[in-house]
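please work out how this folds:
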Amino acid sequence: MKKLIIKVIGVLLLILFIVYLFNSPRLKFDVLENPNKDTKKTTNESQFEGHQSDSDNQLPQRGIATWIGDDIGQLTERFGQAKRSYPYKDGYKNYIFKREDQYYIVTTKSKKIKSVYATGEKASVSPFKISESATHIFENLSINPEPTIRVDDDKYDIELSDIDMKTQMLVKFGDIYAQIYIDQQTNQIVAIRYLDSEALVEFKPYQMVNASNDKEVKSDFDDLPYEQNPNQLMTLYEVTNQMRHLRGVPPLKVNNDVANIAGYNLYEATGTDSVEFTEGALTQQLEQNQVPFQSASQNVGYDFNEVPTLIINWLNSDIHRSRMLNTKYDEMGGVVNDGYYTVIFLEEE
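The predicted structure follows:
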């Protein structure tokens, strides 16, 4: 009798599971929100006690660190014209430079270089190297996880979280800073960005408070130049393929039909109080627009000010990484709008 009851219970549980499987909502694509928009203290200081220091590291004498403060004209004389350029908010402008195994995002203000993001095996990022182990950073450099920076008459307190220290460490070199982007899964450096203090405050890649008035520094997506979002999307495509190249994965082709669907998908997902990106909605939209595909997936990010910070967060999120670096996908299409970054990944039929 006891065995019969157990069998009946087992059958009932199986039936309930099947009913749930066929009637439950489709898979949801998680929206990765910027983890540093919350100013709550998250750094375990004891973990980095041996490495905290306010002393400066020696300024590199070669590589992209030496570009900071130069006129953009000096760079184009050496490098040639940028592949493209576009206005960024608050008077900043981005220039994209590409060479074999080198990719640079150069950000200027009043024609002066304020920031340089670099990736690619041959990128000149002294004293670092792309794809080298990040282990030696703690051994050779002075690092302060809670630096205070000054811009004009304002003072800003920055706090690097435990995750920041492992994935986008901030190191001071003289009067400029370096962000070291690390793939936590492999512990390899995948990109470097040098920037001055003004650009650091503008990009807001970390938790940041204006110490002069104790107010949180928040992102602002209003009044952006109309050219910014479509160009940020192109940059998102390019840096995605740069990360795939570093992992030995073939690049994705850009599908403009999929990009159009991404725009409609974003509009539908954010059109209600409950923001949801679902597999069912994406599949339906692809089929309605007669886009042939074998499988599809999607990455969504929100409240990031620029592409490099978004990409390093996707790379170090298991689910977003698995989509971005997946070898089965052949194409991508996306949209950047209202603080959202979305990329649809497609496996061709």
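
what is whichever strand or helix holds residue 93 packed up against?
When secondary structure is defined by DSSP states H and E, residue 93 falls within strand 92-99. Contacts defined by 3 or more CB pairs under 8 Å, 6 or more residues apart in numbering; DSSP states H and E place strand 92-99 against helix 72-79, strand 84-87, strand 102-109, helix 228-246. Placement of C-beta: from N, CA and C, glycine included.

switch the cut-off to 10 Å
In terms of contact count using 3 or more CB pairs under 10 Å, 6 or more residues apart in numbering; DSSP states H and E, strand 92-99 is assigned the packing partners helix 72-79, strand 84-87, strand 102-109, strand 112-119, helix 197-203, helix 228-246.

the shortest one - contacts with which helices or strands?
In other words, strand 84-87. So strand 84-87, by 3+ CB pairs under 10 Å, 6+ apart, packs with strand 92-99, helix 228-246.

who does it pair up with?
strand 92-99 (antiparallel) (DSSP bridges).

need the CA coordinates for whichever strand or helix holds residue 342. PDB is fine.
Counting by DSSP H and E, the element that carries residue 342 is strand 340-347. Provided in PDB are the C-alpha atoms of strand 340-347 (Å, rounded to 0.1, in the frame of the first residue of the first chain):
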ATOM      1  CA  TYR A 340      18.900  50.600 -22.400                       C
ATOM      2  CA  TYR A 341      21.500  48.600 -24.400                       C
ATOM      3  CA  THR A 342      20.100  45.500 -26.100                       C
ATOM      4  CA  VAL A 343      21.700  43.000 -28.500                       C
ATOM      5  CA  ILE A 344      19.800  40.100 -30.100                       C
ATOM      6  CA  PHE A 345      22.000  37.100 -31.000                       C
ATOM      7  CA  LEU A 346      20.900  34.900 -33.800                       C
ATOM      8  CA  GLU A 347      21.800  31.400 -35.000                       C
END
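
what comes up buried for that strand?
340-346 (16 or more other CB atoms under 10 Å).

so which elements touch it?
On a contact count with 3+ CB pairs under 10 Å, 6+ apart, strand 340-347 meets strand 31-33, helix 228-246, helix 256-269, helix 279-288, strand 295-302, helix 307-315, helix 318-324, strand 331-337.

the ones you listed: which one's closest to residue 121?
helix 228-246 (7.4 Å; CB to CB).

next one: that closest one to chain centre, how far?
Distance, stretch centre to chain centre, for helix 228-246: 10 Å (CA atoms, centre = their mean, to the nearest Å).

any idea how far the residue minimising distance to the centre of the chain is from residue 238?
The centroid of the chain falls nearest to residue 310 when counting by CA atoms, centre = their mean (1.7 Å). According to CB to CB, to the nearest Å, residue 310 and residue 238 sit 13 Å apart.

what's the answer for residue 135, then?
29 Å.

what does residue 91 give?
Counting by CB to CB - residue 91 and residue 238 are separated by 24 Å.

and those two? Which one has more around it.
Neighbour comparison, residue 91 and residue 238: the larger count goes to residue 238, with 19 against 11 (by other CB atoms under 10 Å).

residue 293 and residue 332 touch, don't they?
No - with contacts counted by CB atoms under 10 Å, residue 293 stays clear of residue 332, the gap being 11.7 Å.

about what we covered before: dump the helices and strands packed on strand 84-87 to CSV, plus mean pLDDT and distance to residue 146.
As requested, the helices and strands packed on strand 84-87 are exported to CSV (pLDDT from 0 to 100; distance: least, CB to CB, whole Å):
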stretch, mean pLDDT, distance to residue 146
strand 92-99, 97, 26
helix 228-246, 97, 28
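
nearest to residue 305, of the ones you listed?
The closest of the helices and strands packed on strand 84-87 to residue 305 is helix 228-246. By CB to CB, the value is 10.0 Å.

in the closest one, which residues are buried?
228-229, 231-246.

now stretch 168-176
168-173, 176.

also stretch 143-156?
By 16+ other CB under 10 Å, the buried positions in stretch 143-156 come out as 143-147, 149, 151, 156.

quick one: which two of those are the most distant?
143 and 151 (21.1 Å).

want to try a markdown table for the helices and strands packed on strand 84-87, with distance to residue 59 as columns?
Putting the helices and strands packed on strand 84-87 into a markdown table (distance: least, CB to CB, whole Å) gives the following:
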| stretch | distance to residue 59 |
| --- | --- |
| strand 92-99 | 22 |
| helix 228-246 | 26 |
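
between these, which one is nearest to residue 65?
Short answer: strand 92-99, nearest of the helices and strands packed on strand 84-87 by CB to CB, at 15.7 Å.

quick one: the closest one to strand 112-119, angle?
40 degrees (axes from the mean of the first three to the mean of the last three CA atoms, to 10 degrees).

mind starting the numbering at 235 from now?
In the new numbering, first residue 235, that becomes strand 326-333.

beta partners for residue 574?
Under the criterion used (DSSP bridges), residue 574 bridges to residue 536, residue 571.

hmm, it is touching residue 467, no?
No - Residue 574 lies out of contact with residue 467 (CB under 10 Å); the separation is 11.1 Å.
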